[in-house]
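A.B. asks: Return atomic coordinates for the entry below.
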Amino acid sequence: MLTNITKDNPIYSEELFGPVACFYTVENEAAAIGLANDTPYGLGASILTGKPERGRKLATQIDSGMVFVNRPFGTSAELPFGGVKNSGFGRELSEMGFDEFVNKKLVHLDNAGIHPFAPPTELVPV
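C.D. replies: I've put the predicted structure just below:
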């Protein structure tokens, strides 16, 4: 556990992995969101609160691929995993993850002789 981390400390702007937790004290929610977003990384974040709906509201404001409310982290095969900013591109796992590895194409089929701007008769995603 690390505390009293200042902006001039290299730890402040690093993406840490392993059994490390950085704790900060802030004045208000706006300062907490600003601190959470003041990083070039965005893999995961955690919010600890006695009010889960408040945590949900704050989670939408954090620039991170995953935000866990009232737990430090967690994932499973049915949940998308991935970050934003310099913490990766796209998602893996879950249906969202499958979509990252698929090149989708739309084939628009019309009968011969139909007006070129008529409504489509059949759309087939492949």
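A.B. asks: Leaving out sequence neighbours, find the closest residue to the most centrally placed residue in the chain.
C.D. replies: Centroid-nearest residue in the chain, with Cα atoms, centre = their mean: residue 65, separated by 1.6 Å. Beyond its immediate neighbours in the sequence, the residue positioned closest to residue 65 (Cβ to Cβ, 6 or more residues apart in numbering) is residue 83, lying 3.9 Å away. C-betas here are computed from N, CA, C, even on glycine.
A.B. asks: And for that neighbour, the neighbour number?
C.D. replies: 19 (other Cβ atoms under 10 Å).
A.B. asks: Surely it touches residue 45?
C.D. replies: No. Residue 83 lies out of contact with residue 45 (Cβ atoms under 8 Å); the separation is 10.0 Å.
A.B. asks: between those two, what contacts are shared?
C.D. replies: Overlap of the contact sets of residue 83 and residue 45 (by Cβ atoms under 8 Å, 6 or more residues apart in numbering) consists of 64, 66.
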